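*Asks:* No sequence on hand, only this structure:
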């Protein structure tokens, strides 16, 4: 069965943003307007979702769509995020207001699904339940060829009566083995490693061998009894497992994509190549142009917020990477409460060669915005 959660609260919050022109409101509106690639025909992210959900183990699983704006009480409190967990900060998460955020993970669906009357009825009868949720999630992040602040996840979980089946980590790993092979092929080399997450215990990650490197692709675990109790499920009766991978990483590994931005490309030469299991060939490798920016700013400066400013000032489509190359404090030189940062910015378009003049103009605009918004002294 497919459930769609009413979005009245979300619509009200979006309406409240309609006439706001402050930076954060404009940012939120722009990110919400971006397409959901996990539901876009022709996108490899949609193809990954189909491969996972088509596995026979999941034939009786439901599907649920949940709001993209959710209360912090659902996103964090219900899932045992510690009060000082970094995800709760405005430097990691996009806040719509003091109580509501752009969802940082699709795991929020646990709350919405377990509150459906039909699901409650099944649990009351002792029946097992399973569900998937996929779509966009939002986290403030660095800028490089593997990360974007708007990306996609798929979450799944399964609950059953303990006396009928006491789920162990091995049960989850057996299912995940099928998932990994369904997406990457029977010959994929992968391994399980121990990990810690707020809402599962024991927990595990899967790493895939890529060349000489092991790359993490999936976090998962046995659902914590404390979390189940908060969600209205009797943990003395029920147990379950859950997982939640980021879809972009799977696509990048499957196709050897050199840049995450390619997944959003409208260039037909790129789009026709975005097929899982086929190695991506550059349609054209436009040269990078590198510029450094250094400035003195207050010590409460947050790099993640600066990355958003860079995206909005010059455009994500021309920024390949922003790397911190220097940071130091010198009270005698800069004054008390001041710190010096230096970033190396790699400008590279996926669509054309950027001229030095074009980059100089963009970089100059960034310097001006840096000084204006951060009250920084550009050096």
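*Replies:* Happy to help now that I have it. Small disclaimer: the values here were computed from a predicted structure and weren't measured.

*Asks:* mind checking the SS state of residue 91?
*Replies:* Three-state call for residue 91 (DSSP: H, G, I helix; E, B strand; the rest coil): coil.

*Asks:* Apart from its chain neighbours, what residue comes closest to it?
*Replies:* What sits nearest to residue 91 in space, not counting adjacent residues and going by CB to CB, 6 or more residues apart in numbering, is residue 302, at 4.1 Å. Placement of C-beta: from N, CA and C, glycine included.

*Asks:* Next one: the closest residue to residue 292 other than its chain neighbours relative to residue 205, how far apart?
*Replies:* The shortest distance from residue 292 to any non-neighbouring residue, by CB to CB, 6+ apart, is to residue 344 (5.3 Å). For residue 344, the distance to residue 205 (CB to CB, to the nearest Å) stands at 30 Å.

*Asks:* tell me the strands in the stretch 51-200 of the chain, going along the chain?
*Replies:* 62-65, 69-71, 100-102, 129-138, 150-161, 190-197, 200-210 (DSSP state E, counting those that start in this stretch).

*Asks:* Identify whichever of these lies nearest to residue 168.
*Replies:* Nearest to residue 168 among those is strand 200-210 (8.7 Å), distances taken as CB to CB.

*Asks:* tell me the angle the following helix or strand past the closest one makes with strand 190-197.
*Replies:* Beyond strand 200-210 in the direction of the C-terminus, DSSP states H and E gives the next helix or strand as strand 213-223. Angle between the axes of strand 213-223 and strand 190-197 is 50 degrees (criterion: axes from the mean of the first three to the mean of the last three CA atoms, to 10 degrees).

*Asks:* for residue 234, helix, strand, or coil?
*Replies:* Classified using three-state DSSP, residue 234 is coil.

*Asks:* burial measure for it, as a count.
*Replies:* 11 (other CB atoms under 10 Å).

*Asks:* and what of the one 10 residues further on?
*Replies:* Using other CB under 10 Å as the criterion, residue 244 is surrounded by 23 other residues.

*Asks:* Next up, the contacts around it.
*Replies:* Applying CB atoms under 8 Å, 6 or more residues apart in numbering to residue 244 gives the contacts 105-107, 153-156, 218-220.

*Asks:* pLDDT, neighbour count and distance to residue 23 for those - can I get that in TSV?
*Replies:* Formatted as TSV, the contacts of residue 244 follow (pLDDT from 0 to 100; neighbours: other CB atoms under 10 Å; distance: CB to CB, whole Å):
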residue	pLDDT	neighbour count	distance to residue 23
105	95	21	24
106	96	25	26
107	93	27	28
153	97	20	26
154	98	23	31
155	97	24	30
156	97	25	36
218	94	22	34
219	93	20	32
220	95	27	36
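
*Asks:* Now distance to residue 17 too, for the residues you listed, in CSV please.
*Replies:* As requested, the contacts of residue 244 are exported to CSV (distance: CB to CB, whole Å):
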residue, distance to residue 17
105, 22
106, 22
107, 25
153, 24
154, 27
155, 26
156, 31
218, 34
219, 31
220, 34
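
*Asks:* From these, pick the one nearest residue 40.
*Replies:* residue 154 (14.3 Å).

*Asks:* any idea how far the residue lying closest to the closest one once chain neighbours are set aside lies from residue 361?
*Replies:* With sequence-adjacent residues excluded and distances taken as CB to CB, 6+ apart, residue 154 is closest to residue 134, at 3.9 Å. Applying CB to CB, the value for residue 134 to residue 361 is 40 Å.

*Asks:* Compare the two and say which is more crowded by neighbours.
*Replies:* residue 134 (27 against 12).

*Asks:* residue contacts, that one?
*Replies:* 38-39, 49, 106, 152-155, 247.

*Asks:* Flag every buried residue along the helix ranked longest in the chain.
*Replies:* In the chain, with assignment by DSSP state H, the single longest helix is helix 356-374. For helix 356-374, the buried set under the neighbour-count rule, 16 or more other CB atoms under 10 Å, comprises 359, 362-363, 366-367, 369-370, 374.

*Asks:* Include pLDDT and distance to residue 235 when you put the residues you listed into CSV, please.
*Replies:* Output for those, formatted as CSV (pLDDT from 0 to 100; distance: CB to CB, whole Å):
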residue, pLDDT, distance to residue 235
359, 96, 57
362, 97, 54
363, 97, 55
366, 98, 51
367, 97, 55
369, 96, 50
370, 97, 50
374, 94, 47
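
*Asks:* Now distance to residue 125 too, for these, in JSON lines please.
*Replies:* Formatted as JSON lines, those follow (distance: CB to CB, whole Å):
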{"residue": "359", "distance to residue 125": "64"}
{"residue": "362", "distance to residue 125": "61"}
{"residue": "363", "distance to residue 125": "64"}
{"residue": "366", "distance to residue 125": "60"}
{"residue": "367", "distance to residue 125": "64"}
{"residue": "369", "distance to residue 125": "59"}
{"residue": "370", "distance to residue 125": "60"}
{"residue": "374", "distance to residue 125": "58"}
